[in-house]
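S.K.: Starting from these lines, generate the structure:
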Amino acid sequence: MAAVCAMLFGGISCSKDAQDDLGSPPLLAVAAVSVSAPEFSDDTRTVLNPTDLIKWYSSDKSYAGLYSPGKGIVKSTYTSTVSDDGFNAVFKFTSSKITSFSSDAARILYPCTAEANGASSFKFSIPAEQSLTSKAGSLSRSGSSACVPMISDAFSVTSSLQDQTSYPYGVEGVAEAGGSMHILSSLVACYIYDSEGTYAAEKVKAVELQSSSTAIGVPQAVELTADNELPVLEGTSQTVKAAFSYSSNYFALNGINSKEQSAPIYLSIIPSEFSGKIVVNTDKGAHIFQFDTPKTFNRAEVKNMYLNLSNAKVQHISIPTVDITNVNRAARDDGNSGCKVTLTIKTDANCTGLYAYVGGTQYSKVADVIKNGEKYVFGDADSEAFQSLGDGIYKYVKSVPSYPTKFYFAVLPIGGGDILGIGKYLSYTGGYSLKTDGNDVADIEEDISAFNN
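M.R.: Purely as a prediction, here's the structure:
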């Protein structure tokens with residue numbers, strides 16, 4: 001694989017407490033460390049981006065950590081700098097809690113989101129849910145690159161402190177040392193394509209890697225050492241999913257008929273050997289690639305996975321859909337105030353059941369509809385809430401009390417393999433009055449149309 005460009009870590013101090021009312025400047029001890037990391041050695045090479053290799057982003061500036069035994073972890077500051085090309089960075093570390101800095105075992109950690117006093121362990125970041133904030137083939141700090149943990153070799157550094165006689169008052173120290181960064185995760189690059197063009201109308205929303213045996217995400221805390229030993233990560237999640245944060249970045253499959261035309265979607269995982277499956281989620285369904293022969297995912301390496309949706313061995317599951325054809329309100333059968341609301345729901349052949357909700361709260365999340373709605377699996381006996389009318393048409397009946405005086409409705413389909421369908425909610429926030437004349441009104445009819453489209 002191609003060699004990774006050299007990365008530079010550095011530091012100068014910049015901190016000041018305001019002069020107090022008595023005019024005496026408070027003595028502020030600030031230790032600053034400059035660490036230069038040269039080109040990676042052979043066992044740390046990797047390619048995260050076919051064009052940029054490993055690259056620092058401007059928002060990385062405050063996500064490096066300086067660790068020293070007995071002094072904990074100091075987080076880099078926003079005043080750190082990243083070069084225009086992204087291949088060099090100067091990380092600045094300041095602390096008012098130490099009067100000098102001298103260490104034979106300092107190490108740089110990435111990503112680091114919080115400082116810790118006297119820290120003896122550290123949780124590296126490989127989330128089970130990894131956000132992709134840019135299009136396939138590229139990375140950003142809040143996306144996959146933030147999930148690629150790194151640690152430097154241990155290095156010796158001693159700061160040289162100088163009194164500051166002008167504002168800002170205090171003590172400032174600068175020191176330099178050298179080290180190398182090592183990637184701790186394994187990278188999976190999924191190249192998705194469709195040789196037959198059967199799924200050309202679909203767009204990839206997410207890619208999920210599922211292990212059948214070992215944990216591949218969410219590392220537990222590791223003991224940081226004073227030598228160059230690399231931490232061995234152990235996790236708690238057997239699933240890692242990388243999902244695009246914005247629909248505008250979904251990976252369109254139209255015209256992507258070969259692996260050469262595809263662009264990688266990256267996942268960062270804990271290095272290990274396992275069998276399992278890869279699930280490609282699109283805006284219209286799920287495509288499941290099973291691999292029963294264990295594959296090895298080595299540290300600091302990229303494993304390319306070429307995923308042809310037209311492969312005969314791939315399992316395809318279409319996302320089920322539902323439409324509401326009518327909302328009816330009538331007087332309650334029990335004589336109480338409020339009304340009885342009936343949703344008439346049309347489903348497609350992919351549905352195996354649904355969640356339905358009518359109530360006084362408008363929900364905008366799938367989890368909330370599931371928690372507060374009622375579940376019906378097709379084939380269950382009719383009940384007071386659900387009734388099958390045949391041909392994929394169902395009625396859901398719910399009595400709404402006089403308080404609250406407005407109601408909302410939502411429906412979620414359930415599909416094969418328990419894959420949850422597309423959630424549908426109404427954007428109308430005013431709710432609907434609890435009339436008891438049994439007649440529908442225009443506002444509901446308009447929102448039914450919006451709901452179904």
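
S.K.: contacts and neighbour counts: CA atoms only from here.
M.R.: Will do.

S.K.: low pLDDT regions in the stretch 301-450 of the chain?
M.R.: Across the stretch 301-450 of the chain, the ranges flagged by pLDDT under 70 are 364, 404-405, 416-450.

S.K.: try 80
M.R.: 319, 330-331, 335, 338, 362-367, 402-407, 415-450 (pLDDT under 80).

S.K.: mind listing the helices for it?
M.R.: Ranges of helices within the stretch 301-450 of the chain are 366-372, 442-452, based on DSSP state H, counting those that start in this stretch.

S.K.: Distance check, the closest residue to residue 389 other than its chain neighbours against residue 326.
M.R.: Spatial nearest neighbour of residue 389, excluding adjacent residues (CA to CA, 6 or more residues apart in numbering): residue 395 at 7.3 Å. From residue 395 across to residue 326, the span is 9 Å (CA to CA, to the nearest Å).

S.K.: These two: who's more crowded?
M.R.: Between residue 395 and residue 326, counted using other CA atoms under 10 Å, residue 395 has the larger neighbour count: 20 against 15.

S.K.: Pretty sure residue 338 sits against residue 332.
M.R.: Yes - the pair residue 338 / residue 332 is scored as a contact, 6.8 Å apart, by CA atoms under 8 Å.

S.K.: which residues are common contacts for those two?
M.R.: residue 399 (CA atoms under 8 Å, 6 or more residues apart in numbering).

S.K.: More neighbours: which of the two?
M.R.: Neighbour count, other CA under 10 Å: between residue 338 and residue 332, residue 338 has more, with 22 against 17.

S.K.: Got phi/psi on the more buried one?
M.R.: Backbone dihedrals for residue 338, given as degrees, to the nearest 10, come out at phi 100, psi -150.

S.K.: now do residue 248
M.R.: Taking degrees, to the nearest 10 as the convention, residue 248 sits at phi -70, psi -20.

S.K.: where's it relative to residue 135, distance?
M.R.: Residue 248 is 8 Å from residue 135, by CA to CA.

S.K.: Could you find the closest non-adjacent residue to residue 411?
M.R.: Spatially, and ignoring its direct neighbours in sequence, residue 411 is nearest to residue 356 (4.5 Å; CA to CA, 6+ apart).

S.K.: so the one you found touches residue 368, yeah?
M.R.: No - at 11.3 Å, residue 356 does not count as touching residue 368 under the criterion of CA under 8 Å.

S.K.: of these two, who's got more company?
M.R.: The residue with more neighbours, out of residue 356 and residue 368, is residue 356; 25 against 12, by other CA under 10 Å.

S.K.: which residues touch that one?
M.R.: Neighbour list for residue 356: 369, 373, 374, 375, 396, 409, 410, 411, 412 [criterion: CA under 8 Å, 6+ apart].
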